[in-house]
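Trainee: Let's see this in three dimensions:
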Amino acid sequence: MNKTVQGGDMLRYFCAMLLMGINLPPVLADGGHVNIAGNVTNGGCTIHDGTYLTFNLEPVKTTDLPSVDSVAGRQEKNISVICPKGIFPYFQFIYTPASGGQTVLKNKGTATGIGVELLNASYDDSPIHTLAYSVMRPTSAGKYTLAVHYIRTSQDMTPGTVESDAEYDLVYD
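Mentor: Below you'll find the predicted structure:
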């Protein structure tokens, strides 16, 4: 026996089922896909202090720099880094070098024959090369010391302002 169910009958049927507390199965209209990806790490390093360093070097006299490669006016500042245990960062400094070398920053000021050099004061006081990775060991509790000094770059030197800048990246595994 075939019986035709009309729209009104169907509505009454569903309403009766709902009133009796009977759960109706959901209607499947369409499907989809879920992708899940993740990564568990030790965490990352953060720069706690020293993100923006300004070195205002004391003025020096031309007689303080008597010959090429002589230095004067050293100043030090710390970069404080917090890393999870077992992670040791490297620093990569990026700057425009003066002509003829990779350790003297280009002077944007008015003085000639003089520049500034960044030094790895946490490790061995070696000059920091542009784009090279520098191993800087902390002096204490995550403090890395960076030093700057004037350096005479030419036999011919004229007094004036010395202005340079550099950026650094913190790199670690």
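
Trainee: where exactly do the strands run in this structure?
Mentor: 46-49, 71-82, 90-94, 104-105, 114-120, 126-127, 133-134, 143-152, 167-171 (DSSP state E).

Trainee: strands paired with the second one, and their directions?
Mentor: Next to strand 71-82 in the sheet, as set by DSSP bridges, lie strand 46-49 (antiparallel), strand 143-152 (antiparallel).

Trainee: These into TSV, with extra columns for mean pLDDT?
Mentor: Shown next, in TSV, are the strands paired with strand 71-82 (pLDDT from 0 to 100):
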stretch	mean pLDDT
strand 46-49	86
strand 143-152	92
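
Trainee: of those, which approaches Ser80 most closely?
Mentor: Checking these against Ser80 by Cβ to Cβ gives strand 46-49 as the closest, at 3.9 Å. For every residue, glycine as well, the C-beta is placed using N, CA and C.

Trainee: now what about the closest one, what contacts it?
Mentor: Strand 46-49 is touched from outside by Asn78, Ile79, Ser80, Val81, Ile82, Cys83, Gly142, Leu170, with contacts defined as Cβ atoms under 8 Å, 6 or more residues apart in numbering.

Trainee: Buried ones from these, can you make that a ChimeraX selection?
Mentor: Buried residues among those (16 or more other Cβ atoms under 10 Å), as a ChimeraX selection:
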select :78,79,80,81,83,142,170
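
Trainee: sorry, back to before: in TSV: the strands of the chain, plus distance to Asp30.
Mentor: Shown next, in TSV, are those (distance: least, Cβ to Cβ, whole Å):
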stretch	distance to Asp30
strand 46-49	45
strand 71-82	48
strand 90-94	50
strand 104-105	62
strand 114-120	61
strand 126-127	64
strand 133-134	52
strand 143-152	56
strand 167-171	47
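
Trainee: So for Pro59, which of those strands sits nearest?
Mentor: strand 71-82 (8.0 Å).
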